[in-house]
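In: return atomic coordinates for the entry below.
(one chain, ligands or ions: 3)
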Amino acid sequence: MQTVTVLGATGSIGCNTLDVINRHPEKYRTFAITGNGQLELLMQQAQKCSPRFVVVADEARYKEACTLATEYNITAEILCGAKALEDVSCAAEIDTVMAAIVGAAGLLPTLAAVKAGKKVLLANKEALVMSGALFIDAATQSGAEILPIDSEHNAIFQCLPQGYEYGELEKAGISKILLTGSGGPFRERELSSFNAITIDEASSHPNWSMGRKITIDSATMMNKGLEFIEACWLFGASPDDIQVVVHPQSFIHSMVQYVDGSVIAQLGNPDMRTPIAYGLAYPSRIDAGVKPLDFSDMANFSFETPCFTRYPNLKLAIDACREGQAATTRLNAANEIAVASFLEGKIGFTDIAVVNEETLNKMEPVTVSSIQQILEQDTAARAAADQVIRGKFTC
Ligand SMILES: NC(=O)C1=CN([C@@H]2O[C@H](COP(=O)(O)OP(=O)(O)OC[C@H]3O[C@@H](n4cnc5c(N)ncnc54)[C@H](OP(=O)(O)O)[C@@H]3O)[C@@H](O)[C@H]2O)C=CC1
Ligand SMILES: CC(=O)[C@@H](O)[C@H](O)COP(=O)(O)O
Ligand SMILES: [Mn+2]
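Out: Ligands and ions are numbered 1, 2, ... in the order given. The predicted structure is shown next:
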């Protein structure tokens, strides 16, 4: 029996994780589930999976959570706040943590799981983008097993040779990691109309049903940029080892190209329950409730090179990846502010990249070597991005 904490249980990945867990009650037990704003959903989930702890990230909502828990007859202990998120991520009773909080808020609880040597199912790519080497070093020291849940990285993981040694691409005969991306909803849209893109249009991914922030990131291809950085850290690859390939249908989830000319790909319907089930059951396989691919029903299967004029955020992320840790931490922070501002109607779609670039340009180069310094860079970049927005886009 595997005992699991689900961080971000009320989100898209969290709900899919509980769906897979519920299909296999003989294999998985839920120890804790966490949420932030969606308290009713969190209580409904607690009714169904009977965890020992229900954690509400937002401390201000503790009383409300306790009242709701009584209404819903929840026997679990209700906890709240940042420390509680970390406590349920490193508790001695658990084997596995699904890291599915969105954004920088997921960094410390995910790191707590890593430092405690847990099996960490990593969906929260921002945590790795923010802390790169420190995250990987912590896993090496504690013996934590990091299993990628992001569909592309899960695919790459599945396409790597057995016994792949971290960073040893050449030794493994790998010539390129081919990171696929759909190109989002604006792949074919006239560039001249990009300033008229609405929140609804940007919130509608062609293939995947996901949370709001990652959906906007997919539309700007910042998602692929973050994934580029994520792939470097997960597999010990350099930026030159990775090529982004636009594959609009999202059936191929990524590929690994070998020196003998072979390309190994992982395919499947776009349903996150596949990588989640893979991570939970690894190295076994379990039913995930996913519809099998039907090759007689796939009209198109196409590939393109991404255009940086259409997707300036992708270039910003690749450049930041080459520059180093402070740049990727700052870019992630600026992007979180810019996307939130876009979703609040404060800035336009194309302004997201402008805010990101101007934030990076405003900040002096610096070296970061501790989580404290990472958090300081995150805070500073948020303030700088806010300043850019106030100075440029508000009257
Ligand atoms: N969705 C997908 O298919 C994929 C997602 N990912 C990654 O997985 C992560 C989660 O994505 P997704 O599930 O789409 O996101 P959602 O927005 O759907 O869910 C986010 C989760 O985080 C919680 N949360 C939000 N803010 C905070 C906070 N400040 N402190 C603690 N918890 C918080 C939310 O709680 P509440 O809802 O209660 O407010 C929710 O449980 C992201 O990093 C994303 O990039 C990667 C690949 C695919
Ligand atoms: C499901 C998943 O892993 C997302 O990150 C997805 O890849 C987003 O689609 P894009 O390829 O459009 O960014
Ligand atoms: Mn992905």
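In: which of the three states applies to Ile264?
Out: Under DSSP: H, G, I helix; E, B strand; the rest coil, Ile264 falls in the strand class.
In: correction: the previous question concerned Val245.
Out: Criterion first, three-state DSSP; result for Val245: strand.
In: for stretch 372-387, buried residues please.
Out: 373-375, 377-378, 380-382, 384-386 (16 or more other C-beta atoms under 10 Å). Every C-beta, even on glycine, is put in place using the N, C-alpha and C of the backbone.
In: as TSV, the residues you listed with pLDDT and secondary structure would be great.
Out: Output for these, formatted as TSV (pLDDT from 0 to 100; DSSP: H, G, I helix; E, B strand; the rest coil):
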residue	pLDDT	secondary structure
Gln373	98	helix
Ile374	98	helix
Leu375	98	helix
Gln377	98	helix
Asp378	98	helix
Ala380	98	helix
Ala381	98	helix
Arg382	98	helix
Ala384	98	helix
Ala385	98	helix
Asp386	97	helix
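In: partner strands of the helix or strand hosting Thr30, parallel or antiparallel?
Out: If you go by DSSP states H and E, Thr30 is part of strand 28-35. Strand pairing for strand 28-35, using DSSP bridges, gives strand 2-7 (parallel), strand 53-56 (parallel).
In: can you map out the helices along the stretch 51-200 of the chain?
Out: 62-71, 82-90, 107-115, 125-142, 151-159, 199-202 (DSSP state H, counting those that start in this stretch).
In: could you chop the chain up by domain?
Out: The chain breaks down by automatic domain parsing into domains covering 2-148, 156-297, 324-393.
In: is the first one positioned near ligand 1?
Out: Yes: on the criterion C-beta under 6 Å from any ligand atom, domain 2-148 is in touch with ligand 1 at 8-14, 35-38, 57, 100-102, 105, 123-126.
In: may I have the distance across that domain, first residue to last?
Out: 18 Å (C-alpha to C-alpha, to the nearest Å).
In: what about that domain, average pLDDT?
Out: The pLDDT scores in domain 2-148 average 97.
In: pull the residues that contact stretch 354-362.
Out: 222, 312-313, 316, 320, 327, 330-331, 333-335, 337-338, 341, 347, 381, 384-385, 387-389, 392 (C-beta atoms under 8 Å, 6 or more residues apart in numbering).
In: now stretch 276-286: buried residues?
Out: Neighbour-count burial for stretch 276-286 [16+ other C-beta under 10 Å]: 276-282.
In: how about stretch 387-394?
Out: Within stretch 387-394, the residues that qualify as buried by neighbour count (16+ other C-beta under 10 Å) are 388-389.
In: what mean pLDDT would you report for it?
Out: Across stretch 387-394, the per-residue pLDDT values average to 90.
In: got the CA coordinates for stretch 329-339 in PDB?
Out: This file holds the C-alpha atoms of stretch 329-339, laid out as PDB (Å, rounded to 0.1, in the frame of the first residue of the first chain):
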ATOM      1  CA  THR A 329      13.800  32.400 -11.100                       C
ATOM      2  CA  ARG A 330      13.100  36.000 -12.100                       C
ATOM      3  CA  LEU A 331      11.400  35.000 -15.400                       C
ATOM      4  CA  ASN A 332       9.100  32.600 -13.600                       C
ATOM      5  CA  ALA A 333       8.100  35.200 -11.100                       C
ATOM      6  CA  ALA A 334       7.600  38.000 -13.700                       C
ATOM      7  CA  ASN A 335       5.500  35.600 -15.700                       C
ATOM      8  CA  GLU A 336       3.300  34.700 -12.800                       C
ATOM      9  CA  ILE A 337       2.600  38.400 -12.200                       C
ATOM     10  CA  ALA A 338       2.100  39.100 -15.900                       C
ATOM     11  CA  VAL A 339      -0.300  36.100 -16.400                       C
END
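In: does ligand 2 have contacts with that stretch?
Out: No: Stretch 329-339 does not reach ligand 2 (C-beta under 6 Å from any ligand atom); its nearest approach is 13.4 Å.
In: now check stretch 184-203, is it near ligand 2?
Out: Yes: Stretch 184-203 reaches ligand 2 (C-beta under 6 Å from any ligand atom) through Gly184.
In: which helix or strand contains the spatially closest residue to Thr359 that is not a sequence neighbour?
Out: Of all residues not flanking Thr359 in the chain, Ala334 sits nearest, at 3.8 Å (C-beta to C-beta, 6 or more residues apart in numbering). According to DSSP H and E, Ala334 maps onto helix 325-343.
In: now for that helix, which elements pack on it?
Out: If you count contacts as 3 or more C-beta pairs under 8 Å, 6 or more residues apart in numbering; DSSP states H and E, helix 325-343 packs onto helix 125-142, helix 199-202, helix 212-220, helix 222-235, helix 312-323, helix 351-362, helix 371-393.
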